[in-house]
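Asker: Following is a predicted model, sequence given first.
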Amino acid sequence: MIPLLKQFPGIAGSLSYISLADLPTPVQHLKGLERELNRRDVFIKRDDLSGALYGGNKIRKLEFVLAKAISEGAVRVITSGAAGSNHCLAVAMYAAQCGLKADLMLFAQEKSKAVAENLLADYYCGATIHHDKTYEEHLGSTRSIIEYYTEKDGRAPFIIPPGGSSVEGVVGYVNAAFELRDQISSGEFSCPERIFVALGTMGTAAGLALGIKAAGLPCSLAAVRVVPSYVADRKKFFTLLDDTNRLLHDADSSFPICQIDESDFFIEDGYLGAGYGIVTKEAQKGIELMSRVDSIKLDGVYTGKVFAAFLDSVSDERNGGSSLFWNTKNSRALPQEAMKIDYHRLPGELHGYFQ
C-alpha cells in the first residue's frame with residue numbers, strides 16, 4: 001500500500017486508486033555533477049522511471065484519475081494538450097491498459113522529432129486523435145466531441161484536465177512527498193533543504209507542496225515556471241492545493257489542514273525564456289551537462305529549464321545544505337513497433353509533423 005493510504009485509511013476508503021506506477025522511484029546522488037561542482041549532497045528523484053510502460057510525472061496522477069473514471073463506470077476518457085503532449089501519450093497508454101477508450105484533443109505546436117514520435121505512439125496505443133491549428137478551434141472541437149460521445153455512448157465521457165491536474169491527480173503527488181519522507185527516514189539520503197520541480201499545469205507542484213507540509217518535511221519547494229502566468233499563477237495554484245487539502249481532510253480528518261507560507265514554497269519565474277516549448281540557452285547548457293556528467297536525458301520544454309534553476313542554486317556557494325532535482329521527464333523507450341508505423345495512417349492534419 002502506498003504511504004499516503006497506509007497512514008490515512010480514511011482516504012483509502014474514500015478515493016479510488018489503481019496501481020500503475022513502479023513505486024517508490026529511486027533517489028540517487030548526482031555523483032558526476034557533485035564532482036563537476038565540487039559539491040556534496042546533490043540528489044535527483046527519478047520519476048522518469050515511474051512506470052514500466054512510460055515514466056514521468058503523469059503516472060502518479062493517473063493512478064487516482066483513471067481509478068475515478070473506472071469507479072464512475074466510464075468507457076471513454078478525453079484529455080487535451082499540445083500535439084506532442086507527454087500527458088496525452090501517458091493517458092493513451094494507461095487508459096488502454098485499463099480497458100478504457102481514449103480521445104486526445106490536440107492543438108498545434110512546433111514540429112520536432114519528439115512530437116512526431118509521440119504522435120506515432122498515441123496512434124499505436126489505439127487513441128483517437130483530433131487536431132486543431134489554434135487553441136480557440138481546439139476548445140470548440142472539444143465541446144463538440146464531448147456532445148458527440150455523450151449521445152453515441154449513452155453517457156458522458158470522463159474528462160481529464162490538461163496534465164492530469166485535477167484534485168485527484170494532485171493526490172498522486174501528495175503521496176510522492178510521503179514516499180520521499182519514508183526514503184529519508186530509512187536513511188537512503190539526507191533531507192534536502194530545497195526541492196526543484198516544474199510548474200506547468202501545477203498538479204505536481206501543488207501536490208508536492210501540500211505533501212511536504214503534511215508529512216512534516218523541513219524543506220522548501222522551488223516551482224520553476226515553464227508556462228506563461230495566464231496558465232499558472234499563485235491564485236490558481238493555491239486554489240488547486242486548498243481544494244485537494246479539503247478533499248483529503250474530508251476523507252480522513254487526521255489529514256491536517258495545512259498553511260503554506262513563503263518559506264515553504266516559491267515560484268521561480270526567471271527561466272521561462274521566450275515562452276512555453278522554446279528552449280533557452282540555459283536549459284540547453286543544463287541538458288548537455290546532465291548528459292555528460294551523469295548520463296541522464298532531460299528535455300528543453302520542462303526539465304531542462306528546471307535543471308537550469310537547480311544548477312544556478314547548487315553552484316551558488318551561499319546555498320549550503322542538500323538539494324533535490326525532481327526529474328519529471330519520461331526516460332522509458334517508446335514502443336519500437338510504434339516507430340515503424342507509416343505516418344500516413346494517422347489523420348491527414350498530422351502529416352505536417354513528419355514532413
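Answerer: Thanks, I have it.
Asker: Helices along the stretch 101-250 of the chain, start to end?
Answerer: For the stretch 101-250 of the chain, helices defined by DSSP state H, counting those that start in this stretch occupy the ranges 113-124, 135-153, 167-185, 203-214, 234-251.
Asker: Mind putting those into JSON lines with distance to residue 99?
Answerer: Where you see a C-beta, it was placed from the backbone N, CA and C, and this is true even at glycine. What follows is these, written out as JSON lines (distance: least, C-beta to C-beta, whole Å):
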{"stretch": "helix 113-124", "distance to residue 99": "17"}
{"stretch": "helix 135-153", "distance to residue 99": "14"}
{"stretch": "helix 167-185", "distance to residue 99": "19"}
{"stretch": "helix 203-214", "distance to residue 99": "24"}
{"stretch": "helix 234-251", "distance to residue 99": "26"}
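Asker: For burial, what's the neighbour tally of the residue lying closest to residue 157 once chain neighbours are set aside?
Answerer: Spatial nearest neighbour of residue 157, excluding adjacent residues (C-beta to C-beta, 6 or more residues apart in numbering): residue 76 at 4.3 Å. Look at residue 76: counted by other C-beta atoms under 10 Å, it has 19 neighbours.
Asker: Ok, residue 261 next?
Answerer: Neighbour count for residue 261, taken as other C-beta under 10 Å: 7.
Asker: OK, contacts around residue 92?
Answerer: Neighbouring residues of residue 92 by C-beta atoms under 8 Å, 6 or more residues apart in numbering: 102, 104, 121-122, 125-127.
Asker: Show me the two of the residues you listed that sit farthest apart.
Answerer: Maximum pairwise distance in the contacts of residue 92, criterion C-beta to C-beta, is 12.3 Å, between 102 and 121.
Asker: So for those two, which sits in the more crowded spot?
Answerer: residue 102 (26 against 21).
Asker: who touches that one in this structure?
Answerer: Taking C-beta under 8 Å, 6+ apart, we find residue 102 in contact with 76-79, 91-92, 95-96, 125-128.
Asker: what does residue 20 give?
Answerer: Residues near residue 20 by C-beta under 8 Å, 6+ apart: 51, 59, 62-63, 66, 94, 97.
Asker: again, only using 6 Å
Answerer: By C-beta atoms under 6 Å, 6 or more residues apart in numbering, the contact list for residue 20 reads 59, 62-63, 94.
Asker: SS state for it?
Answerer: At residue 20 the chain is in coil, as set by DSSP: H, G, I helix; E, B strand; the rest coil.
Asker: if you average pLDDT over stretch 119-134, what comes out?
Answerer: Per-residue pLDDT over stretch 119-134 has a mean of 96.
Asker: Which positions in it come out as buried?
Answerer: Neighbour counts using 16 or more other C-beta atoms under 10 Å place 119-125, 127-132 of stretch 119-134 among the buried residues.
Asker: any idea which helix or strand of the protein has the worst average confidence?
Answerer: helix 135-153 (a mean of 93; mean pLDDT, DSSP states H and E).
Asker: pLDDT at residue 194, what is it?
Answerer: 97.
Asker: Tell me how many other residues crowd it.
Answerer: The local packing of residue 194 (other C-beta under 10 Å) involves 18 other residues.
Asker: Next up, the contacts around the most centrally placed residue in the chain.
Answerer: Nearest residue to the geometric centre of the chain (C-alpha atoms, centre = their mean): residue 57, 3.3 Å. Taking C-beta under 6 Å, 6+ apart, we find residue 57 in contact with 47, 204, 328.
Asker: ok, now how distant is the closest residue to it other than its chain neighbours from residue 50?
Answerer: Once flanking residues are discounted, residue 57 sits nearest to residue 328: 3.8 Å by C-beta to C-beta, 6+ apart. Counting by C-beta to C-beta, to the nearest Å, the gap from residue 328 to residue 50 is 9 Å.
Asker: Mind checking which of the two has more residues around it?
Answerer: Remark: of residue 328 and residue 50, residue 50 carries more neighbours, 29 against 26, as counted by other C-beta under 10 Å.
Asker: that older thread, and the two most separated of the contacts of residue 20?
Answerer: Top of the distance list for the contacts of residue 20 (C-beta to C-beta): 63 and 94, 8.8 Å.
Asker: Need the CA coordinates for the least confident helix or strand of the chain. PDB is fine.
Answerer: Extracted as PDB, the C-alpha positions of helix 135-153 are listed here (Å, rounded to 0.1, in the frame of the first residue of the first chain):
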ATOM      1  CA  TYR A 135      -6.300  26.900 -29.300                       C
ATOM      2  CA  GLU A 136      -9.600  28.600 -29.900                       C
ATOM      3  CA  GLU A 137     -10.600  25.900 -32.500                       C
ATOM      4  CA  HIS A 138      -9.400  23.300 -30.100                       C
ATOM      5  CA  LEU A 139     -11.800  24.500 -27.400                       C
ATOM      6  CA  GLY A 140     -14.700  24.400 -29.900                       C
ATOM      7  CA  SER A 141     -13.800  20.900 -31.100                       C
ATOM      8  CA  THR A 142     -13.500  19.600 -27.600                       C
ATOM      9  CA  ARG A 143     -17.100  20.700 -26.800                       C
ATOM     10  CA  SER A 144     -18.400  19.100 -30.000                       C
ATOM     11  CA  ILE A 145     -16.600  15.800 -29.300                       C
ATOM     12  CA  ILE A 146     -18.000  15.700 -25.700                       C
ATOM     13  CA  GLU A 147     -21.500  16.200 -27.000                       C
ATOM     14  CA  TYR A 148     -21.000  13.600 -29.800                       C
ATOM     15  CA  TYR A 149     -19.800  10.800 -27.400                       C
ATOM     16  CA  THR A 150     -22.400  11.600 -24.800                       C
ATOM     17  CA  GLU A 151     -25.100  10.800 -27.400                       C
ATOM     18  CA  LYS A 152     -23.200   7.900 -29.100                       C
ATOM     19  CA  ASP A 153     -22.100   6.100 -25.900                       C
END
